[in-house]
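Student: fold the following, please.
(one chain, ligands or ions: 1)
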Amino acid sequence: VDLSVSWLGLAMANPLYNASGVMCRSVAELEQVRTSAAGAVITKSCTPQPRVGNPEPRYCATPLGSINSMGLPNAGYHYYRDYARSYPYAAGKPLFLSLSGMTLDENLDMLRDLAAAELPCLPEVNLSCPNLPGKPQLGYDFQACREALTQIARVYPGDFGVKLPPYFDPVHFAQMAEVLNTFPTLRFVTCINSIGNGLVIDVEHESVVIKPKDGLGGLGGSYVLPTALANVREFYRLLPGKHVVGCGGINSGREAFMHILAGATVVQIGTCLYEEGEGAFARILDELRQLMAQKGYQCLDDFRGKLKTL
Ligand SMILES: O=C(O)c1[nH]c(=O)[nH]c(=O)c1I
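Tutor: Numbers count the residues shown, from 1 in each chain. Have a look, this model is predicted:
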């Protein structure tokens, strides 16, 4: 069974890597992913300056997934750019740099610098952080996205991608796709970011479980799988020639298979990686291989995007 993926001029041994935000804030964590069975690496979304993020507790796992309101804690853009400068690209695992400026100008400043650095890493521009008090998710404002992407494509000549929030309405899928299809160098969309502003309650303590925003946070894990799959499949249909990166609810080879069947080129692991550690990559890859062998598939292209309808 062949799990290799070639896309955007990249060759990956397998379709699995971390979701931005998990096991990727420090060089030590990034190296844990890079030296694991993962096929690629992505950094924590960054801002020009380092950020401490929201007060703790700001993450909590539950039997069905996770809730987080980290608040964009990161070591600052230059820390990740320097990692990208020394990154061993020849070893064959691509590096993606996640950028999440607090303003469009912050994103443009980071992208201008990244363009000038002429590094092989690819930017994933985060349009969907749900945990910055007082800041709406850009991905839900279609006109603002159009304006931002127009300037981003102007300052960054290379291929780039965006991290999208989940959408829940066919009209919104269509409206966002119309914006995204305007930009030929926008080559991939990562669906989905966490489902924003959920509330997890601890019955014993009659309390919320995270401190920021009186307990509101982004949901991940099994909670979000059907929504993630819907976003992958809809954007796979609506963005001809672009790639969809699947993210949300992947705990085993079965969910990885679902995301790829729905159209994902590659897939990211968030909550499961946070909870299990980097061993999750090898386990999930083995499960995916076994599932493919049982079904008689030799490679990912044998089933990618071939979800049947009734
Ligand atoms: O709170 C965070 O740091 C965070 N948390 C998320 O669930 N998604 C994001 O894009 C971000 I930037």
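Student: drop to CA atoms for contacts and neighbour counts, all remaining ones
Tutor: Will do.
Student: in the stretch 1-150 of the chain, which spans are strands?
Tutor: Using DSSP state E, counting those that start in this stretch, the strands of the stretch 1-150 of the chain run over residues 5-7, 10-12, 16-18, 41-42, 59-62, 65-68, 95-99, 122-126.
Student: residues in the chain within reach of the ligand, list them.
Tutor: 45, 68-73, 128-129, 131, 193-194, 218 (CA under 6 Å from any ligand atom).
Student: neighbours of R51, how many?
Tutor: 14 (other CA atoms under 10 Å).
Student: what about the residue located most distally from the centre of the chain, distance to the ligand?
Tutor: When each C-alpha in the chain is compared with the mean C-alpha position (CA atoms, centre = their mean), E204 comes out farthest, at 33.5 Å. Distance from E204 to the ligand, counting by CA to the nearest ligand atom, to the nearest Å: 26 Å.
Student: K308 too?
Tutor: In terms of CA to the nearest ligand atom, K308 sits 31 Å off from the ligand.
Student: next, that residue: secondary structure please.
Tutor: Of the three states, K308 takes coil under DSSP: H, G, I helix; E, B strand; the rest coil.
Student: for it, give me phi and psi.
Tutor: Note on K308: backbone dihedrals following degrees, to the nearest 10 are phi -80, psi 150.
Student: so what pLDDT did it get?
Tutor: K308 carries a pLDDT value of 98.
Student: and the strands in the stretch 201-310 of the chain?
Tutor: All strands of the stretch 201-310 of the chain, identified by DSSP E, counting those that start in this stretch, fall at 201-202, 207-208, 216-220, 243-247, 266-269.
Student: could the strands of the stretch 1-150 of the chain go into CSV alongside mean pLDDT and mean neighbour count?
Tutor: Formatted as CSV, those follow (pLDDT from 0 to 100; neighbours: other CA atoms under 10 Å):
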stretch, mean pLDDT, mean neighbour count
strand 5-7, 98, 14
strand 10-12, 97, 16
strand 16-18, 99, 27
strand 41-42, 99, 27
strand 59-62, 98, 16
strand 65-68, 98, 26
strand 95-99, 98, 25
strand 122-126, 98, 23
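Student: dump the ones you listed to a markdown table, plus distance to G249.
Tutor: Formatted as a markdown table, these follow (distance: least, CA to CA, whole Å):
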| stretch | distance to G249 |
| --- | --- |
| strand 5-7 | 21 |
| strand 10-12 | 22 |
| strand 16-18 | 12 |
| strand 41-42 | 18 |
| strand 59-62 | 13 |
| strand 65-68 | 8 |
| strand 95-99 | 20 |
| strand 122-126 | 19 |
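Student: just the residues of the chain next to the ligand: which are in helices?
Tutor: Within the residues of the chain next to the ligand, no residue falls in helices by DSSP state H.
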